[in-house]
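Student: here are the coordinates; sequence isn't available:
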């Protein structure tokens, strides 16, 4: 299956994190420390009423991040 | 990995004499401070770690055997790989790298049970340091609501330290926590999950850094590891001499093993997963929780905004309405004290200094307390319940236009009441860059002290009865809009100029909703009030006295009006006339501008003194207005044309004109650099805006 950026995942859908390539952003390592490591299941809970940021559920925690960061996160959608 | 220093607190002969120091460590939002407050009550003090705005919170409590324990509430951290001064403090205290803080004898780790995996990331990092430790699993009720089953015995086995379940907001588990703290805590033995090749490379780095004298503990690899993975932009806690050495080590390792930090993060989560394999049972699909049901309403595009709007209106209204009475009492009390001193002392300089300088100055500090306490009550309530994160989530996009993040919304909004509590509230913004930009633009929100000036100018602009009330209101609303627009434009500008290249990660945790604890809230509000009085209060008092002296010396004979005209401030007003004339201002307005640097509303009373208006009182501006309308230039042209009135108002929209704000900015940014920059840019903006208004207006024939 083709990997897509996290920003394209619909509200309520789940996916597996494929990769967060380094080099885009110096803060990517922190996202990994917050639990977004490749192979982890991630779910888009909702988008903010104005479309940005995006709230995700990962490893039982809820984190909101901006689209500008989320677009670097490559995911593989999973069928529920 | 053996950590030799771990044995130190257990056997040392000094430990019997010295009170044991116990550090409380955990992620942000895990309820750490609630537990600290529950243990210590009001027996705590708050200071700053030197050079940064990271709070150092210390307190004490008694063990079950009546032994005094010193408690250190360390800042919330996600990882020992520091990305902020807060996290650098946690790393350095736990490794005994700070001269001002002893290395703790034991650590109480706090984890959010409903977010166990992520919390164990930091927990395992800290356990590997080899300090005697225990773990508090807070928010057990939330975990239960999610239908999570946590096998506490198994977790104790796996971690090798006692685990105490808790529900800090209701006090459940507090007795068990104290009991566990009263016993000798075990030293955990954990090895960091680390690929052998990286471990070998770190060994070389340890040699290198030992030779450079950068390490305190050469026995373990961990200090080298956490120093080279320091990503705090300020490199807080690392000596300047070592920074380049350390970053060279980091780059060398990165060259050899690209992405090694990401690999370590992955390896640690693998280790956490294997710990939790037999500990945590959770349903296949996430249960819809209480929090989800509330969020469905509170984050709804329509209801969510409506509710937030109502909450914010309530917040502003409460700050205005509830603070009015206590502010009146404070004014009355200090006025009475001044009169009392006047009646009991001989006339003279000393009496004037006491009454008009010191008593008025202290009164000018205390007067802020009602607003500060009300605002922080609401902020504490929103933080504790979890609603603050939702407000930030909804407003992030809008605040993003100004280069700010959602967390800047509540501080900025409350600045419409007063910038002083608003700036104090920027503490909740995690990223230093975002916090500085927010502080810089916050005073552009038209605070309540500008209102009397706007009202006076609007009154002077329109002769009585000539225009309808809605036209006056429109002028007033334009001033508020201008300030707001200015704040957004300057925020945008600062992000692209002075803050260029400093990116910050906006990761907002959305904690589950919680019942607030009244005790925690009360302590929080009192603590903010105390900090304001102690830190900002002294600066405000000093500046008030200086400004008072400038208005009253050198002494001249005659009425108050000529006294002011011949004082240092009066002479300065004359001196700046050539500069402010292009704005349409004469030297008398110049004196008003200088005097109102103390506080904007002082402009009105100063103009009253200058024009020697009898019976000028704050409530009724009619005599002052009439006098102003009669005021002329030497050539007979009126001073207060409508255009000049607008020019004065626009000046007040942008100018800093508030020494209390200066004092608070100095405290919140830890130095004079930012407040001075702020005075400079705001005064320049005020000058240019007024110049454009006045000269442009003249060209257009007004």
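Tutor: That came through, no problem. Predicted model only: the values in this text are computed from it and were never measured. Numbering: from 1, shown residues only, chains lettered A, B, ... in the order given.

Student: Report whether the worst-scoring helix or strand of chain A on mean pLDDT contacts chain B.
Tutor: Here the helix or strand of chain A ranked lowest by mean pLDDT, DSSP states H and E is helix A:28-33, holding a mean of 86. Yes: Helix A:28-33 is in contact with chain B by Cβ under 8 Å from any Cβ of the partner chain, via A:28, A:29, A:30, A:31, A:32, A:33. To be clear about C-beta, it is placed using only N, CA and C from the backbone, and glycine gets the same treatment.

Student: you'd agree the last one is up against residue B:80?
Tutor: No: Residue A:33 is not in contact with residue B:80 according to Cβ atoms under 8 Å; the separation is 9.9 Å.

Student: Quick one: residues in contact with the helix or strand just after the least confident helix or strand of chain A.
Tutor: Next along the chain after helix A:28-33, taking DSSP states H and E as the criterion, comes strand A:41-47. If you take Cβ atoms under 8 Å, 6 or more residues apart in numbering or on different chains as the criterion, strand A:41-47 is touched by A:6, A:9-17, A:36, A:53-58, A:62, A:73, A:75, A:78, B:286, B:295, B:299.

Student: Then stretch B:511-528?
Tutor: Applying Cβ under 8 Å, 6+ apart, the set of residues contacting stretch B:511-528 is A:62, B:29, B:33-34, B:37-38, B:41-42, B:44, B:46, B:114, B:139, B:142, B:168-170, B:289-291, B:294, B:372-373, B:376-377, B:380-381, B:384-387, B:389, B:424.

Student: In that stretch, which residues are buried?
Tutor: For stretch B:511-528, a neighbour-count test (16 or more other Cβ atoms under 10 Å in any protein chain shown) marks B:511-514, B:516-517, B:520-521, B:523-525, B:527-528 as buried.

Student: Mind putting these into a markdown table with pLDDT?
Tutor: What follows is the buried residues of stretch B:511-528, written out as a markdown table (pLDDT from 0 to 100):
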| residue | pLDDT |
| --- | --- |
| B:511 | 91 |
| B:512 | 90 |
| B:513 | 92 |
| B:514 | 88 |
| B:516 | 89 |
| B:517 | 86 |
| B:520 | 87 |
| B:521 | 92 |
| B:523 | 90 |
| B:524 | 89 |
| B:525 | 92 |
| B:527 | 88 |
| B:528 | 86 |
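
Student: thinking again about what came up before, filter the contacts of strand A:41-47 to the buried ones?
Tutor: The neighbour count (16+ other Cβ under 10 Å) marks A:6, A:9, A:14-15, A:17, A:36, A:53-58, A:62, A:73, A:75, B:295, B:299 as buried among these.

Student: Take the residues you listed and keep only those in helices.
Tutor: Among those, the members found in helices (DSSP state H) are residue B:295.

Student: Residue B:537 in helix, strand or coil?
Tutor: Assigned by DSSP: H, G, I helix; E, B strand; the rest coil, the conformation of residue B:537 is helix.

Student: With residue B:645 instead?
Tutor: Per three-state DSSP, the local secondary structure of residue B:645 is helix.

Student: list the contacts for it?
Tutor: Neighbours of residue B:645 in contact, by Cβ under 8 Å, 6+ apart: B:457, B:458, B:460, B:461.

Student: And residue B:592, by the same measure?
Tutor: If you count contacts by Cβ under 8 Å, 6+ apart, residue B:592 has them with B:573, B:603, B:606, B:607, B:610.

Student: now, among those residues, which is nearest to chain A?
Tutor: residue B:603 (39.1 Å; Cβ to the nearest Cβ).

Student: Surely that closest one and residue B:593 touch.
Tutor: Yes: the criterion here is Cβ under 8 Å, and residue B:603 meets it with residue B:593 at 7.4 Å.

Student: Now do the least confident helix or strand of chain A: distance to the chain's middle.
Tutor: 12 Å (Cα atoms, centre = their mean, to the nearest Å).

Student: contacts for it?
Tutor: So helix A:28-33 is in contact with A:20-22, A:65, A:69, A:72-73, B:78-79, B:81, B:83, B:121, B:231, B:261-262, B:265-266, B:505, B:507, going by Cβ under 8 Å, 6+ apart.

Student: So for the helix or strand containing residue B:373, mean pLDDT?
Tutor: Using DSSP H and E, the element containing residue B:373 is helix B:369-385. Mean per-residue pLDDT for helix B:369-385: 90.
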